[in-house]
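In: pasting the sequence and the predicted model now:
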Amino acid sequence: MTENTTAATGDAAPKTASHDSVPSAKLAAFMNSGWADSERQDVTLSDAGVWAAKRRDALSQAFPGERLVIPAGTYKVRSNDTDYVFRPHTDYVWLAGDQTSDAVLVLEPNGTSGHDAVLYFRPRSDRSQGSEFWRDRTYGELWAGRRPSLAETAKEFGVETRHIDQLADALKNDVPTRVRRAEDHSIAPLLSGARTDDTRDLELATTLSELRLVKDPWEIEQLREAVAITHRGFSDVLSEMDRVREYGERWIEGTFWRRARAEGNDVGYTSIAAAGPHATTLHWIENDGPVVDGTLMLLDMGVENRQLYTADITRTLPVNGEFTPRQRDLYQLVLDAQNAGIAALKPGVPFQSGHRAAMEVIVHGLDAMELLPVSVEEALDPASNLHQRYTLHGTSHMLGLDVHDCASAREENYRKGDLQTGYVLTVEPGLYFQADDLTVPEDLRGIGIRIEDDILITDTGAENLSDAMPRTIEGLQNWMSS
């Protein structure tokens, strides 16, 4: 049977596979009867829904008289007829609180300088008719699990709900429209002539990113939880070092993922379990190499909690539990740089303050260790930045629902802007000596060290949300031995 074959009952074709059988009319009739009412009666307004309403109000004020369309997205094919696990678009989650696929939040101007929010989505299908619930591989309840009803979602998130089939008609009237577009979340077939253009859509994306720069109290609590679970995930790995040595980087990745799934939603990004020379590749995600005593392992991992906020933490640890003298010196240099970077952060200072402070420490340290092939002044000169051969990347990025959060914000309000109370960002200096770099001593080639923590900007300075995770040399060695 092909995907276009209709069921015996004559309803719209469900999404099936080539190896599925065609049901008989008797089976179809039997499947449409004998089911108990499963509408949930215990649904109440969630905290996510309460905070989402406040965020919609803020967005509404930025675009009076305009329709705003924010899609959640749909499934992406992994191979043939199997999909990746769905994860909704960040801006949709921030504004709706909901995590359902194939949903679109519409803020419709109401004529009083505000907006009325309507959430269009594909609810669970009626079991008394049709075959979607028992044949559709993507949306069928018996195939893919229970989807919420319109009434349940309305109660949980405090927003009016309608079936996604009504969206196209709702967008046909001549109202200026902005759409939060993303490569994998196209809703072009649903727009049906709604007046929109790329420039206006880009302004919506930018505004949403800038509204999300300052985290509200509920978001900060979500990030604290993500950090705490991440801490436990790192401890899980260290408690299984015998298996890590046996199976290598794969065991690290799998062990951490188990904790992420048990307590959170997933990992916030593909874990970096980089041992030995793999640690010099910034985003090493193959995670298929050996873990050998005497070398270092760089673990850059973060749990995404069930509200989809993620931690982003890196620790570099000696595989056998003890740093060599050479490893110790390099590690302490990176730690000193990170401490300087964190200390430089407070409201009103440039976003780049932490990076500049960290690089000053690293470059002077490399010079003192006779590892800098040029002068300190030349290495730090903004016209050259020659230290980047060994440091490679910036020291900070925003953190939140995305691991690299608020990416559409304007440069003057992010990388070239000033810090504000409520920002959450990483501080993660590193040193990377490539295995084939002839400018460094042979015994240092193939060593990569990064230390990363998640920092909340407070009214008076900065709070390290991940400070409970050991960072000092003694702290790391004790953590591993315990």
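Out: Looks like it arrived, so ask away.
In: ranges for the helices of the stretch 351-482 of the chain?
Out: Taking DSSP state H, counting those that start in this stretch to define them, one finds helices in the stretch 351-482 of the chain at 353-368, 376-380, 388-391, 473-481.
In: cool, the stretch 151-300 of the chain as well?
Out: With DSSP H, counting those that start in this stretch as the criterion, the stretch 151-300 of the chain has helices spanning 167-170, 188-191, 198-211, 217-238, 241-247, 249-263.
In: out of the ones you listed, point me to the one whose mean pLDDT is lowest.
Out: When the helices of the stretch 151-300 of the chain are compared by mean pLDDT, helix 188-191 comes last with a mean of 64.
In: got any ranges where the stretch 251-400 of the chain has weak pLDDT?
Out: Along the stretch 251-400 of the chain, no part satisfies pLDDT under 70.
In: show me where it has strands.
Out: 266-267, 272-275, 296-301, 303-304, 313-318 (DSSP state E, counting those that start in this stretch).
In: could I have the second one exported to PDB, CA atoms only?
Out: C-alpha atoms of strand 272-275 as PDB (Å, rounded to 0.1, in the frame of the first residue of the first chain):
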ATOM      1  CA  ILE A 272      31.100  16.600  23.400                       C
ATOM      2  CA  ALA A 273      33.000  13.700  25.000                       C
ATOM      3  CA  ALA A 274      36.500  14.500  23.800                       C
ATOM      4  CA  ALA A 275      39.400  12.500  25.100                       C
END
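In: so what secondary structure elements neighbour that strand?
Out: Using 3 or more C-beta pairs under 8 Å, 6 or more residues apart in numbering; DSSP states H and E as the contact criterion, the elements in contact with strand 272-275 are helix 249-263, strand 296-301. Just so you know, the C-beta spots here come from the backbone N, C-alpha and C atoms, and that holds for glycine as well.
In: could you dump these to CSV with mean neighbour count and distance to L335?
Out: Listed next are these as CSV, based on neighbours: other C-beta atoms under 10 Å; distance: least, C-beta to C-beta, whole Å:
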stretch, mean neighbour count, distance to L335
helix 249-263, 19, 22
strand 296-301, 25, 13
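In: next, format these as TSV and append distance to D329.
Out: As requested, these are arranged in TSV below (distance: least, C-beta to C-beta, whole Å):
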stretch	distance to D329
helix 249-263	25
strand 296-301	13
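In: which of the helices of the stretch 351-482 of the chain sits most buried?
Out: Of all those, helix 353-368 has the most neighbours on average by mean count of other C-beta atoms under 10 Å, namely a mean of 21.
In: can you name every helix or strand that that one contacts?
Out: Other elements packing on helix 353-368 under the criterion 3+ C-beta pairs under 8 Å, 6+ apart are helix 325-343, helix 376-380, helix 388-391, strand 424-427.
In: the ones you listed: which one's closest to A151?
Out: Of all the helices and strands packed on helix 353-368, strand 424-427 sits nearest to A151, with 35.3 Å by C-beta to C-beta.
In: quick one on the thing from earlier: now render the helices and strands packed on helix 353-368 as TSV, adding distance to V106.
Out: Listed next are the helices and strands packed on helix 353-368 as TSV, based on distance: least, C-beta to C-beta, whole Å:
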stretch	distance to V106
helix 325-343	42
helix 376-380	51
helix 388-391	45
strand 424-427	29
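In: if you compare the ones you listed, which one is most tucked away?
Out: Counting by mean count of other C-beta under 10 Å, the most buried of these turns out to be strand 424-427, with a mean of 25.
In: so what does it touch, helix or strand wise?
Out: Counting by 3+ C-beta pairs under 8 Å, 6+ apart, the elements that strand 424-427 packs against turn out to be helix 325-343, helix 353-368, strand 453-457.
In: among those, which is nearest T74?
Out: strand 453-457 (30.8 Å).
In: let me know the angle separating that closest one from helix 217-238.
Out: 160 degrees (axes from the mean of the first three to the mean of the last three C-alpha atoms, to 10 degrees).
In: what's in contact with strand 453-457?
Out: Contacts with strand 453-457, where a contact means C-beta atoms under 8 Å, 6 or more residues apart in numbering, come from 215, 220, 223, 227, 311-313, 338, 342, 345-347, 399, 419-428, 462-467, 469, 471.
In: what is the orientation angle of it with helix 353-368?
Out: Strand 453-457 and helix 353-368 meet at an angle of 140 degrees, taking the same axes, to 10 degrees as the criterion.
In: now do strand 453-457: distance to the chain's middle.
Out: Relative to its parent chain, strand 453-457 has a centroid offset of 16 Å by C-alpha atoms, centre = their mean, to the nearest Å.
In: quick one: strands adjacent to it?
Out: Its sheet considered, strand 453-457 pairs with strand 424-427 (antiparallel), strand 462-464 (antiparallel) by DSSP bridges.
In: tabulate those (a markdown table), appending mean pLDDT and distance to A274.
Out: Shown next, in a markdown table, are these (pLDDT from 0 to 100; distance: least, C-beta to C-beta, whole Å):
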| stretch | mean pLDDT | distance to A274 |
| --- | --- | --- |
| strand 424-427 | 98 | 17 |
| strand 462-464 | 98 | 23 |
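In: with distance to F351 added, can I get these in CSV?
Out: Output for those, formatted as CSV (distance: least, C-beta to C-beta, whole Å):
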stretch, distance to F351
strand 424-427, 8
strand 462-464, 13
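In: burial count for T138?
Out: As a burial measure, T138 scores 18 neighbours (other C-beta atoms under 10 Å).
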